[in-house]
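# 3D model of this:
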Amino acid sequence: MSRRQRKREEKRRRHQDDQPRVLGRSLATGTGVAVGATLLMGGVAQGACTCTVQNLEEPIDAGTTTLRDAINSSQQPANSGSTITFASGLSGTITLASTLPLIVQPTTIIGPGAGQITVDGDDAYRVFDIDTAPGDDVSISGLTITNGSVTGGRGAGIRSKYADLTLSDAVVSSSDADEGGGGIATYDTGSLTVEKTTISGNTGDRGAGVYAESGSGSVTTVRNSTVSGNSGADYGGGIYFDYSSPGALENSTVYQNSATGSGGGVYHFGAYNGDPGLVVTGSTITHNSANRGGGLACYASTNNGTELKEPIVRNTIIFGNTADSASDGPDLSCKFTTGDEPGGVVPTGFSLIGSVAPGTQLDQTGPNLLAQDPQLGPLAGNGGPTQTQKPAVTSPVIDQGAAFGLGTDQRGLGRPVEIPSIPNAAGGDGSDIGAVELQPSELPPNTFTAKVKGKKILVTVLAAGSVGVADSKAPLSASESKKKKKKNRFLKGSSGAGSAPTIKVPLRLTKFAKQKLRRKGKLGLKARITFTPDRGIPSTRNVKLKVKGKK
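Numbering: from 1, shown residues only. Predicted structure coming up:
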């Protein structure tokens, strides 16, 4: 490096060293740093910056970067597309002194995890406020957003207008907006995607957990998430999908939300004809309450002469919800006023529905289970980032569903897991109905040991089931039996069934084995044993057995 180059580099470094302290303070107080100044929060000049939050102070802390500083910097016109991160090891709560700066352009906020950083509105302020150009991408992840409050508006935890917002790996809780969307509100053409997120304990007039009113075909998707304990004064205690917002609820749990009007869990005001409407797939909607449609309520009508659409329900449990009366549809209630038709139908397949309001009809797009208890456990941590309700092994939903393209359940575990002893529903693929797919480790254990006692094989097991015994050299299929000879086989096939701890199976020796046993007084043999636990996955092993006899 030449002397001139070294001097230029030293000058650049001195300029950089002077910037962070001045920038963080001046942006927070509004004293004015030129937009073209070098932004050293991420070391990128005049463009998208990576701004690192260094402490939890609010609103400012001289010499360091607060969350407020970082958002201010990221919203400078030259910094569109900036990313906000948090310093390694930083954890705790940022208690807001006022609503954070408005997000007006593409921005990504990456927290270290919902259990690490909390942004608290102090029951006085909206937490995140977003108002961008239509279609701008905004992403928030890895944070807990709590105690937001707004009067005379929507979206106390997050309000998103026009942006395409993605919220993931987050918690939105205990926030209140008197006009709806206590947790999240999105409207005016923006789309919303919620993934791996818990939305709980929020209040609001409509869509206490999530309020979605996005026009122009923008889709609201809630996926791999749990919406619980939210309460709405009117429609949609958990989620409100407005008619202008086609929606998707996938691999999600909607639990114990309430509304004084309709749709304790989910309310859908039918989407315009031609839009996909609301499609509910692989989800569990339980223990919600409302005046009408405790679990899922919808209203499909005409609007300015355009027909509206009813929701589609696939591979979903809607059960154990409550309404003011049976005629109000404790689990599912949809009203239709399309043309002269007094009612309508809800396309439903591979689902378990507890009760359907009079006048609400199901269009059976696949086999359904009606008025059967799904035998679900409590809302709990069953693996994955959000809480779920796991079905019992004896539940009627096991293997009676269809995945509809979802390769995992809400927990991120593989779907489907087929149990050979349980026949699949006609046209299904062996998926479990609902948000949870039982995994092999959650099924009855198929481990076993075996020994011979007298004329029986004693198979020690941990669950009830059936046992099949064959010689290890015996054929596994009919085609093999034509090729394999019976010479030198010791065992004939036998079977038995029972419960733990022991299943007894007759010991059936071949003529060849009996002759050898008489000559030597003992016999070593190898058996192929298959143990199939009830509603479990078979296990097959070759086991060495010893038989004693008389010479």
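
# List the contacts of Leu413.
Contact analysis of Leu413 by CB atoms under 8 Å, 6 or more residues apart in numbering lists Gly383, Gly384, Glu437, Gln439. Yep, even glycine has a C-beta here, placed from its N, CA and C like the rest.

# ChimeraX command to pick out the buried ones of those residues?
Buried residues within these, by 16 or more other CB atoms under 10 Å, are selected in ChimeraX with:
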select :383,384,437
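
# which one of the contacts of Leu413 sits closest to Leu462?
Gln439 (17.0 Å; CB to CB).

# measure the closest one to Cys51 for me?
When distance is defined by CB to CB, to the nearest Å, Gln439 is 41 Å away from Cys51.

# will you turn the contacts of Leu413 into a markdown table that also has pLDDT, secondary structure and distance to Val127?
A markdown table is the format used below for the contacts of Leu413 (pLDDT from 0 to 100; DSSP: H, G, I helix; E, B strand; the rest coil; distance: CB to CB, whole Å):
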| residue | pLDDT | secondary structure | distance to Val127 |
| --- | --- | --- | --- |
| Gly383 | 96 | coil | 29 |
| Gly384 | 96 | coil | 25 |
| Glu437 | 98 | coil | 34 |
| Gln439 | 97 | coil | 36 |
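
# Closest to Ser173 out of the contacts of Leu413?
Distances from Ser173 to the contacts of Leu413, taken by CB to CB, are shortest for Gly384, at 18.2 Å.

# list the contacts for the closest one?
Lys196, Asn224, Gln410, Arg411, Gly412, Leu413.

# mind running it again at 6 Å?
Applying CB atoms under 6 Å, 6 or more residues apart in numbering, we find Gly384 in contact with Arg411, Gly412.

# ok, which stretches of the stretch 451-551 of the chain are helices?
478-481, 511-520 (DSSP state H, counting those that start in this stretch).

# lowest-confidence stretch among the ones you listed?
Out of the helices of the stretch 451-551 of the chain, helix 478-481 stands lowest, with a mean of 62 (criterion: mean pLDDT).

# other SSEs contacting the longest strand seen in the chain?
Longest strand in the chain by number of residues (criterion: DSSP state E): strand 522-533. Where contact means 3 or more CB pairs under 6 Å, 6 or more residues apart in numbering; DSSP states H and E, strand 522-533 is packed against strand 465-471, strand 539-548.

# and the angle for the first one with strand 539-548?
The directions of strand 465-471 and strand 539-548 differ by 60 degrees, with axes from the mean of the first three to the mean of the last three CA atoms, to 10 degrees as the criterion.

# Name the strands paired with strand 465-471 and say parallel or antiparallel.
strand 494-498 (antiparallel), strand 522-533 (antiparallel) (DSSP bridges).

# quick one, which of these is packed in tightest?
Counting by mean count of other CB atoms under 10 Å, strand 522-533 has the highest mean neighbour count of the strands paired with strand 465-471, with a mean of 19.

# how about Val171, what does it touch?
If you count contacts by CB under 6 Å, 6+ apart, then Val171 has Ala114, Thr144, Thr198 around it.

# quick one: contacts for the last one?
For Thr198, the residues meeting the contact criterion (CB under 6 Å, 6+ apart) are Val171, Thr226, Thr386.

# What pLDDT is listed against it?
98.

# how close does it sit to Ile318?
Taken as CB to CB, the span from Thr198 to Ile318 is 21 Å.

# Any regions of the stretch 1-150 of the chain where pLDDT drops low?
1-47 (pLDDT under 70).

# quick one, strands of it?
Counting by DSSP state E, counting those that start in this stretch, one finds strands in the stretch 1-150 of the chain at the ranges 38-39, 44-45, 50-53, 82-86, 92-95, 107-110, 117-120, 128-131, 137-141, 144-146, 149-150.

# now those strands in a markdown table, with mean neighbour count and distance to Ala474?
Converted to a markdown table, the strands of the stretch 1-150 of the chain look like this (neighbours: other CB atoms under 10 Å; distance: least, CB to CB, whole Å):
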| stretch | mean neighbour count | distance to Ala474 |
| --- | --- | --- |
| strand 38-39 | 22 | 75 |
| strand 44-45 | 15 | 70 |
| strand 50-53 | 22 | 65 |
| strand 82-86 | 23 | 62 |
| strand 92-95 | 16 | 65 |
| strand 107-110 | 22 | 59 |
| strand 117-120 | 21 | 62 |
| strand 128-131 | 22 | 66 |
| strand 137-141 | 20 | 56 |
| strand 144-146 | 25 | 60 |
| strand 149-150 | 24 | 72 |
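
# Export the ones you listed as a markdown table, with columns for distance to Lys455.
Output for these, formatted as a markdown table (distance: least, CB to CB, whole Å):
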| stretch | distance to Lys455 |
| --- | --- |
| strand 38-39 | 85 |
| strand 44-45 | 81 |
| strand 50-53 | 75 |
| strand 82-86 | 70 |
| strand 92-95 | 70 |
| strand 107-110 | 68 |
| strand 117-120 | 68 |
| strand 128-131 | 74 |
| strand 137-141 | 65 |
| strand 144-146 | 65 |
| strand 149-150 | 77 |
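
# Having no further points to raise, I will conclude here.
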